[in-house]
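J.: Sequence first, predicted coordinates after that:
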Amino acid sequence: MIDATNIAIVGAGLVGRLLAVELSKHSINVTLYEKDNLANLKDQHASAAAFTAAGMIAPISETIDSDIDTYHLGATSIKLWPSIIEHLKNQHLQQVEFQTNGSLIIAHPQDQAELDFFKLNTERLTRRCNAQFQAVDDSQIHSLEPDLSSTFKQGLFLPDEAQIDNRQLMSSLLLACKAQNVSIIDNTPVQIRNNCVVSKDTQHAFDLVFDCRGFGAKQQLTNLRGVRGEVLRVSCDEFTLSRPVRLMHPRYQLYLAPKPNKHFVIGATQIESEDQSAVSVQSMMELCSALYSISPAFAEARILEQNTNLRPALANNKPCIQVCDKHISINGLFRHGYLIAPAIIHSVMSWLNGKECQHFNHLFTFTEQSHA
Amino acid sequence: MNTPDLLTLYGETFNSRFLLGTALYRSPEDMSKAIKASHSEFITLSLRRQNPQQNEGESFWQLIKDTGCKLLPNTAGCRSAKEAINLAEMSRELFETNWIKLEVIGDEYNLQPDPFELLIAAQELIKRGFKVLPYCTDDLVLCMRLKDAGCQALMPWGAPIGTGQGLLNKYHLSALRERITDTPLIIDAGIRSPSQAANAMEMGYDAVLLNTAVAKADDPALMAQAFKLAIEAGRSAYLAGLMPARQTALPSTPVLGQPFWHQNK
């Protein structure tokens, strides 16, 4: 392990927590800073993108609107998730639901062209990597998901996609941090000056400081932007889904992810704005009409939450690990947090151990130290 | 010495005859690269979804400004003249431009322009000093009425937005070009391939506006370049004058001088 025994992580979102758990497995003192109160779940749900997300791990579906690097990071992550979950379970016997039933892509008959385009892109992708897909007809769709509306005649089944219960995971990661003696300093907004973490009244120096603040790092990372996403969380007793479903539409792509207790997350809009105000009427209508078209059973669903959050993105919508002396910024995970975070943490750990993993070249950049 | 072949819209001249949209790209970087490769000087953007108000969309807005292109805000999503006029006024204030791509949608599913509301909105906006580029159907009478309202350029569709069906009604489109000779005509929407764009230019259209065909390409920058070349090729072909098509073959080499054993083949 690299010569660092005292490491700070700023930002207790998905990346910060995963990194804290990994680092604290070794003989390293880890301090995790968070601006919000970690005891207040409501507070967190409002601020960390990781809580708003649906927790889908969809390397193929997400690569269609991204690029091959996303696929490879996703493929690495899918292999890493089970061992992360296993570790969490061993730490405190809490099970995090990780579903590997694949995902289903469907379209209404009038949106067939969107499905065809998706299929074309998926075929292109499978030629470049070992991604798997299967075209399915209405009877296959209904044997996979019997509760879906019968209007769906064609679709794609992607067997290698997964989803995770993100909220269980986030609380489980926090418990593991505590069990592994991570010092957690919440309710404390800080600034980072190379290897120093500066809060309102104190300043601490570390061997290394990881900035995992997501959009919260905007002041320091000027090329970072927020991309508004809106999701709904509903409960519906009459409807069962065994896997996430993605609905094609000419103007947006929506997914419906089943969560424990008959809860469902439907999302997400993607709007180039850093406005964090409540869900707009138009987005609400789009999300609800998508729900209703997936199954009329959703007419009687109850809207439990409506959430808006900002995905942290760089100009190319790709992640970046920026190393500047003793300050390492991990950011730009955009809409792919659960899809790529384990691979990113794995790459960071390899780098700390003096190795370069397969993702090294497109993740890492090294810059000279500036006065900031 | 040739005089440069410029596009003139409301008295302003442009070197490029390719207008490009800023929506639907995989990333802002892809968008910037595509705009650069297109050599476009005029790019469209939507106020509804790209809102620079109160710094909320500031980052994305900055990337658009950095392209150095002239901005053409649109009224995408409006369904009535009143709504479009309000949005045009907001756009004028926020983007500091009189230019507006006027869209008033009459049918939600194929996004067909509503000709009646469009005309009302165009008349009002021209009165208010806007430079209106109306997105319209290929109906000759509608186009003439828009011209009468003071529109100094018209943007008939090739096909509904995002369909990639190309020039669906070439008869209407060529009739439009033959009848409206003194006002620039820009094909807006429905274009899928560079050959379709070249075709529109060969027919004498003054420019092409598109978005999806570039944004949804595997390599948007390369596709933008392909469209640029096609639009230039089509324009040159139009200026050069196309030979007439005919029903019977006409050999390009006279056959008289050929040996008899070749003639009988």
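T.: That came through fine.
J.: Remind me which helix or strand the spatially most central residue of chain B belongs to.
T.: Centroid check for chain B by CA atoms, centre = their mean gives B:Leu209 as the closest residue, at 2.4 Å. Per DSSP states H and E, B:Leu209 falls inside strand B:207-210.
J.: Residues of the stretch 1-150 of chain A that sit close to chain B?
T.: A:65-67, A:110, A:113, A:117, A:121, A:124 (CB under 8 Å from any CB of the partner chain). For the C-beta atoms, the positions are set from N, CA and C on the backbone; glycine is no exception.
J.: One more pass at 10 Å, please.
T.: A:64-67, A:70, A:110, A:113-114, A:117, A:120-121, A:124 (CB under 10 Å from any CB of the partner chain).
J.: before we move on, the earlier item: by contact count, what packs against the strand holding B:Leu209?
T.: Strand B:207-210 makes packing contacts with strand B:18-21, strand B:42-46, strand B:155-156, strand B:186-188, helix B:194-202, helix B:220-240 when contacts are defined by 3 or more CB pairs under 10 Å, 6 or more residues apart in numbering or on different chains; DSSP states H and E.
J.: Please tell me how far the closest residue to chain B within the stretch 101-250 of chain A sits from A:Gln191.
T.: Residue of the stretch 101-250 of chain A nearest chain B, by CB to the nearest CB: A:Arg225 (3.1 Å). From A:Arg225 across to A:Gln191, the span is 20 Å (CB to CB, to the nearest Å).
J.: and these two? which has more neighbours close in?
T.: The residue with more neighbours, out of A:Arg225 and A:Gln191, is A:Arg225; 28 against 14, by other CB atoms under 10 Å in any protein chain shown.
J.: Do a quick rundown of the strands in chain B.
T.: Secondary structure of chain B by DSSP state E: the strands cover B:7-9, B:12-14, B:18-21, B:42-46, B:70-74, B:99-102, B:105-107, B:112-113, B:131-136, B:155-156, B:186-188, B:207-210.
J.: Can you name the residues that contact the one residue in the stretch 1-150 of chain B that gets nearest to chain A?
T.: Sorted by distance to chain A under CB to the nearest CB, the residues of the stretch 1-150 of chain B start with B:Ser59, at 3.1 Å. Shown in contact with B:Ser59 (CB atoms under 10 Å, 6 or more residues apart in numbering or on different chains): A:218, A:222-227, A:272-274, A:313-315, B:28, B:52.
J.: unless I'm mixing things up, A:Val136 is touching A:Ala107, no?
T.: No: under the criterion of CB atoms under 10 Å, A:Val136 is not in contact with A:Ala107, lying 11.9 Å apart.
J.: The residue of the stretch 101-250 of chain A closest to chain B reaches A:Pro312, doesn't it?
T.: Yes: A:Arg225 is within contact range of A:Pro312, at 8.0 Å (criterion: CB under 10 Å).
J.: Quickly list what's touching both of the two.
T.: A:215, A:218, A:332, A:334.
J.: give me the subset of those residues touching chain B.
T.: Within those, those near chain B by CB under 10 Å from any CB are A:218, A:334.
J.: Farthest-apart pair in the shared contacts of A:Arg225 and A:Pro312, please.
T.: A:Lys218 and A:Phe334 (14.2 Å; CB to CB).
J.: Give me the more crowded residue out of those two.
T.: A:Phe334 (25 against 18).
J.: Just give the closest residue to that one, not the sequence neighbours.
T.: Closest residue to A:Phe334 apart from its sequence neighbours, by CB to CB, 6 or more residues apart in numbering or on different chains: A:Ala313 at 4.4 Å.
J.: so what's that neighbour up against?
T.: Contacts for A:Ala313 (CB under 10 Å, 6+ apart) come out as A:214-215, A:223-227, A:272, A:319, A:331-336, B:27-28, B:59-60.
J.: go on, B:Gly68?
T.: Neighbours of B:Gly68 in contact, by CB under 10 Å, 6+ apart: B:35-36, B:41, B:43.
J.: Quick one: residues contacting the closest residue to B:Asp30 other than its chain neighbours.
T.: Leaving aside its sequence neighbours, B:Asp30 sits nearest to B:Pro220 (CB to CB, 6+ apart; 5.0 Å). Shown in contact with B:Pro220 (CB under 10 Å, 6+ apart): B:20, B:24-27, B:29-31, B:33-35, B:37-38, B:213-214.
J.: Go again with 8 Å.
T.: B:25-26, B:30-31, B:33-34, B:214 (CB atoms under 8 Å, 6 or more residues apart in numbering or on different chains).
J.: Tell me where the stretch 201-350 of chain A has strands.
T.: Assigned by DSSP state E, counting those that start in this stretch, the stretch 201-350 of chain A shows strands spanning A:203-205, A:208-211, A:225-235, A:245-248, A:254-259, A:263-267, A:302-313, A:320-324, A:327-331.
J.: next helix or strand past the longest helix belonging to chain A?
T.: Secondary structure of chain A per DSSP state H: the longest helix is helix A:68-92. Scanning forward in sequence from helix A:68-92 by DSSP H and E, the next helix or strand is strand A:98-99.
J.: The next helix or strand after that next one to strand A:254-259, inter-axis angle?
T.: Note on strand A:98-99: by DSSP H and E, the next helix or strand toward the C-terminus is strand A:103-107. Strand A:103-107 runs at 140 degrees relative to strand A:254-259, counting by axes from the mean of the first three to the mean of the last three CA atoms, to 10 degrees.
J.: Report the buried residues of strand A:103-107.
T.: A:103-107 (16 or more other CB atoms under 10 Å in any protein chain shown).
J.: from those, which has minimum pLDDT?
T.: Lowest in pLDDT among these is A:Ala107, which has 91.
J.: is it true that it touches A:Ile141?
T.: No: A:Ala107 is beyond contact range of A:Ile141, at 10.9 Å (criterion: CB atoms under 8 Å).
J.: Give the residues shared as contacts by the two.
T.: Common neighbours of A:Ala107 and A:Ile141 (criterion: CB under 8 Å, 6+ apart): A:152, A:154-155.
J.: Highest neighbour count among the residues you listed?
T.: Ranked by the number of neighbours (other CB under 10 Å), the shared contacts of A:Ala107 and A:Ile141 place A:Gly155 first, at 27 neighbours.
J.: That one in helix, strand or coil?
T.: On the three-state scheme (DSSP: H, G, I helix; E, B strand; the rest coil), A:Gly155 is labelled strand.
J.: Quick check: it vs A:Leu287, distance?
T.: On the measure of CB to CB, A:Gly155 and A:Leu287 end up 20 Å apart.
J.: do A:Trp351 as well
T.: 40 Å.
J.: Looking at these two, which is more packed in?
T.: A:Leu287 (24 against 18).
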